[in-house]
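Peer 1: below is the structure, and that's it, no one-letter string:
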């Protein structure tokens, strides 16, 4: 595992995974380190996505001084 690059929590608008969802439920959470990523949740409102991303960042970056949450769009 490459621990040289920071683990980031990203908020983004989903694509195919959000088809058929209400327009305000198109947000997703992604964890990324370098060129590797995993989608954690889809179909959220922006407010819910920001809230969840903040909580994930608190857990992931508990031992670090600065949290990194990256909002997209």
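Peer 2: That came through, no problem. Please read these numbers as outputs of a predicted model, since none were measured by experiment.
Peer 1: mind naming the longest strand for the protein?
Peer 2: Secondary structure of the chain per DSSP state E: the longest strand is strand 36-44.
Peer 1: what residues sit buried inside the next helix or strand after it?
Peer 2: Going down the chain from strand 36-44, the next helix or strand is helix 46-60, by DSSP states H and E. Across helix 46-60, burial judged by 16 or more other Cβ atoms under 10 Å covers 49-50, 52-53, 56-57, 60. For the C-beta atoms, the positions are set from N, CA and C on the backbone; glycine is no exception.
Peer 1: and helix 46-60, what does it pack onto?
Peer 2: Helix 46-60 sits against strand 8-13, strand 27-33, strand 36-44, strand 69-71, with contacts defined as 3 or more Cβ pairs under 8 Å, 6 or more residues apart in numbering; DSSP states H and E.
Peer 1: pLDDT of it, averaged?
Peer 2: Throughout helix 46-60, pLDDT has a mean value of 93.
Peer 1: give me the distance between it and the centre of its chain.
Peer 2: Relative to the mean C-alpha coordinate of its chain, helix 46-60 is positioned 7 Å out (Cα atoms, centre = their mean, to the nearest Å).
Peer 1: just stretch 10-23 next, same as before
Peer 2: The answer for stretch 10-23 is 13 Å, by Cα atoms, centre = their mean.
Peer 1: do the same with stretch 42-61
Peer 2: Worked out by Cα atoms, centre = their mean, stretch 42-61 lies 6 Å from the chain centre.
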